[in-house]
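**Q** Sequence and predicted structure, then a few things I'm wondering about:
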Amino acid sequence: QKDTATQTQGPTVLILGAGMAGITAAKALHDKGYNNFIILDGSNRVGGRIKEVTIGGFTVEGGAAWIHAGGTNPLHMIANRFNLSYVTSNYEDYIVLDSKGQVVTNEFDKRHDNSFDPAFKFYKNYSKEARNKQKPDFTMRSALLMGGWNPRSAVDDVIEFFNIDNSYSYGPEAISGLHAYPDEPYEEFNTTDDLTVKDSRGYSHILRGLCSEFLPDGDKRLRLNEVVTHIEQIDGGIVVHTKDNVTYSADYVIVTFSLGVLQHDDVRFSPPLPFWKREAINQFQQALLMHIYLQFAEKFWDDHEFLLYASERRNYYNIWQNVDKTLSGSKIFQVSVVGDEVRRLERLNDTEIIHELLSVLMVMYGGRRIPQPVAYAIPRWYSDPLFRGAFSNWPPGYTLDTFNGLQAPVDKIYFAGDYGDRHNYGYVHGSYLSALRVAEDIDMCIRNPSFCVEPFRPKYDVRGCTYQVAKNYNAKAKEDDGSCTFVKCQISASVSIYYETYLFIISAVFIILSIIP
Ligand SMILES: Cc1cc2nc3c(=O)[nH]c(=O)nc-3n(C[C@H](O)[C@H](O)[C@H](O)COP(=O)(O)OP(=O)(O)OC[C@H]3O[C@@H](n4cnc5c(N)ncnc54)[C@H](O)[C@@H]3O)c2cc1C
């Protein structure tokens with residue numbers, strides 16, 4: 001079965017994925033006058049990792065739940081355009097409980113203010129300076145140690161977890177100290193605010209809103225339940241194959257699959273992606289995150305926005321969020337889990353997970369019996385082959401050059417997603433910004449082929465000896481790699497004898513002249 005794009009004229013663009021990146025790219029192309037596009041998505045809905053779930057009649061977010069860095073963030077503007085309902089998160093409203101059920105908020109605050117906070121400030125200044133001086137990368141952990149932060153207790157662990165793992169879904173040893181500067185989006189959008197979405201239509205309401213502006217209901221250019229298996233470059237064009245043996249041909253393709261999907265080789269490329277592209281994809285990180293929601297008949301927990309559990313085991317149900325505070329009367333309690341714990345949990349069944357959660361709540365609440373929840377939601381992103389994780393993270397040692405390779409197209413195959421923006425990677429608005437950039441690149445390329453993005457060449461490919469006089473001079477090298485070898489200056493024996501005799505006579509003349517009175 002073969003399917004070409006639409007009946008309209010102009011180059012054909014296939015957009016793979018109908019999450020924030022895919023829908024934004026399609027709309028941007030539409031706004032530039034291109035209508036010959038098709039969007040394919042393997043799931044039965046628009047939204048991707050923005051997905052609401054219903055629990056006991058209340059809508060909560062199973063994927064992205066925040067608009068980070070509100071302010072002048074374009075995503076914030078879009079949210080307002082579609083009247084999305086949200087509240088500003090209050091990270092100061094918390095209580096900390098330990099594994100004896102004791103309230104240890106004072107100890108938390110003291111250690112936070114006297115030790116963690118100064119070290120975190122030190123890290124941020126150090127990171128800025130290191131970038132200005134173009135220093136090599138380091139781990140966030142090493143800078144925190146230099147700033148005097150050395151976690152020693154369960155309370156210290158939860159301080160760190162709340163401030164770092166809770167945002168990055170990785171601990172500080174797995175985060176680039178140089179590139180993962182946390183304030184960048186907030187500085188860019190002039191704000192300190194994160195906005196928690198609380199809308200009965202779900203966060204994905206804004207994606208449906210964007211669609212309504214350019215895709216009439218039932219438009220055939222949006223095709224759901226189409227799982228892409230193979231992207232093939234043939235004779236200057238691209239053919240995309242789906243699981244149901246449908247093929248689509250196009251002049252340009254925009255891949256918006258998550259980094260996790262690309263890392264798992266769920267989609268085959270022919271010819272295979274170049275080595276530099278595979279390096280760039282596999283060396284970046286896909287963070288794992290799970291939001292689990294429990295609804296109880298009665299609310300038994302404290303009335304703060306966050307309940308932090310200083311467990312003896314780091315990353316063991318540390319961050320609980322009181323959803324009842326934003327969705328009043330919902331009696332929903334939510335816990336976030338990150339990293340390896342997600343891998344472990346996604347292998348357990350729902351009953352096993354709930355059993356663990358109730359045991360933890362029992363410990364947090366001093367041995368009190370915790371009732372079974374009346375409803376729950378356990379979204380599993382990591383084991384879903386359409387997602388394979390939550391969002392991207394910049395690991396230590398990952399260079400800017402490799403990051404540029406991650407953004408770069410491979411011939412007419414372009415890439416957009418939450419790994420696609422230097423300062424806003426990992427966020428919904430990172431996907432948005434990266435899709436706008438890719439649509440712009442394709443537009444430029446269509447208008448004038450000499451404006452197409454230049455083929456990416458990783459730095460290591462063009463490093464070599466740059467000294468023209470060297471034996472191994474490499475005219476293509478842009479950066480010297482210290483490998484130059486030079487021809488030794490060899491003087492023939494006869495020339496050497498003349499040269500030495502000449503030196504002898506000159507020295508003798510000088511000596512005689514100096515001793516004549
Ligand atoms: C639990 C969780 C919490 C998060 N919290 C936040 C948050 O609070 N704030 C924030 O800014 N970000 C958050 N994120 C990250 C954010 O959701 C993503 O960065 C963003 O939604 C990515 O959008 P995208 O369009 O780039 O990718 P996606 O949303 O992943 O879209 C890609 C699309 O491709 C489709 N697809 C994949 N493989 C195939 C295939 N083989 N064939 C066809 N279709 C395929 C998928 O179905 C998907 O619809 C969170 C993510 C998760 C999972």
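**A** Cool, the structure landed.
**Q** make it CA atoms for all contacts and neighbour counts henceforth
**A** Fine.
**Q** got the residues of the stretch 1-150 of the chain near the ligand?
**A** Proximity of the stretch 1-150 of the chain to the ligand is confined to 16-22, 40-43, 47-50, 62-68 under the rule Cα under 6 Å from any ligand atom.
**Q** Try it again at 5 Å.
**A** 17-21, 41-43, 48-49, 63-66 (Cα under 5 Å from any ligand atom).
**Q** Go ahead and confirm residue 104 touches residue 110.
**A** No: at 10.2 Å, residue 104 and residue 110 do not qualify as touching, with contact defined as Cα atoms under 8 Å.
**Q** So between those two, which is more surrounded?
**A** Each of residue 104 and residue 110 has its neighbours counted (other Cα atoms under 10 Å); residue 104 has more, 16 against 11.
**Q** so who does that one touch?
**A** Each residue near residue 104 by Cα atoms under 8 Å, 6 or more residues apart in numbering is listed here: 95-98, 155.
**Q** Likewise for residue 93?
**A** So residue 93 contacts 304-306 (Cα under 8 Å, 6+ apart).
**Q** quick one, phi/psi of it?
**A** When read as degrees, to the nearest 10, the backbone of residue 93 gives phi -100, psi 90.
**Q** which one of the residues of the stretch 1-150 of the chain next to the ligand has the most neighbours?
**A** Ranking these using other Cα under 10 Å puts residue 21 first, with 34 neighbours.
**Q** Which pLDDT does the model give that residue?
**A** Note on residue 21: pLDDT of 98.
**Q** near the ligand too, which of the contacts of residue 93?
**A** Counting by Cα under 5 Å from any ligand atom, no member of these reaches the ligand.
**Q** now, which of those lie within strands?
**A** The strands, defined by DSSP state E, take in residue 306 from the contacts of residue 93.
**Q** Check the spacing between the closest residue to residue 37 other than its chain neighbours and the ligand real quick.
**A** If the residues on either side of it in the chain are set aside, residue 37 comes closest to residue 13, at 4.6 Å by Cα to Cα, 6 or more residues apart in numbering. To the ligand, residue 13 is 15 Å away according to Cα to the nearest ligand atom, to the nearest Å.
**Q** what's the answer for residue 285, then?
**A** With distances taken as Cα to the nearest ligand atom, residue 285 is found 13 Å from the ligand.
**Q** That residue contacts residue 390, doesn't it?
**A** No: the pair residue 285 / residue 390 is not scored as a contact, 10.3 Å apart, by Cα under 8 Å.
**Q** Of these two, which one has the most company?
**A** residue 390 (25 against 22).
**Q** The more buried one: what's its closest spatial neighbour, skipping adjacent residues?
**A** Among residues not flanking residue 390 along the chain, residue 288 sits closest, at 5.2 Å (Cα to Cα, 6+ apart).
**Q** Report the contact partners of that neighbour.
**A** Listed by Cα under 8 Å, 6+ apart, the contact partners of residue 288 are 169, 338-340, 342-343, 381-382, 389-391.
**Q** Return the closest of these with respect to the ligand.
**A** Using Cα to the nearest ligand atom, residue 390 comes nearest to the ligand of these, at 3.5 Å.
**Q** Can you check the pLDDT for the closest one?
**A** Looking at residue 390, its pLDDT stands at 98.
**Q** Relative to residue 35, how far out is it?
**A** Between residue 390 and residue 35 the distance is 31 Å, computed by Cα to Cα, to the nearest Å.
**Q** just residue 127 next, same as before
**A** Using Cα to Cα, we find residue 127 at a distance of 44 Å from residue 35.
**Q** same question, residue 318
**A** From residue 318 over to residue 35 (counting by Cα to Cα), the distance is 48 Å.
**Q** and if you look at residue 293?
**A** Residue 293 sits 41 Å away from residue 35, going by Cα to Cα.
**Q** Next, count neighbours for residue 270.
**A** Residues contacting residue 270 under the criterion other Cα under 10 Å number 12.
**Q** Three-state assignment for the residue most central in space within the chain, please.
**A** The residue lying closest to the centre of the chain (Cα atoms, centre = their mean) is residue 392, at 2.3 Å. Counting by DSSP: H, G, I helix; E, B strand; the rest coil, the backbone at residue 392 sits in strand.
**Q** Report the beta-bridge partners for it.
**A** Per DSSP bridges, the residues bridged to residue 392 are residue 286.
**Q** show me what contacts it?
**A** For residue 392, the contacting residues are 259, 284-287, 418-419, 425-426, by Cα under 8 Å, 6+ apart.
**Q** want to try TSV for those, with pLDDT as columns?
**A** Output for those, formatted as TSV (pLDDT from 0 to 100):
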residue	pLDDT
259	98
284	98
285	97
286	97
287	98
418	98
419	97
425	96
426	97
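**Q** which one of these is nearest residue 29?
**A** Using Cα to Cα, residue 418 comes nearest to residue 29 of these, at 18.9 Å.
**Q** hang on, the earlier thing: you'd agree the residue nearest to residue 37 is up against residue 30?
**A** No: in this structure residue 13 lies outside contact range of residue 30 using Cα under 8 Å: 10.9 Å.
**Q** Residue 152 and residue 320, how far apart?
**A** Shown here: residue 152 relative to residue 320, a distance of 22 Å by Cα to Cα.
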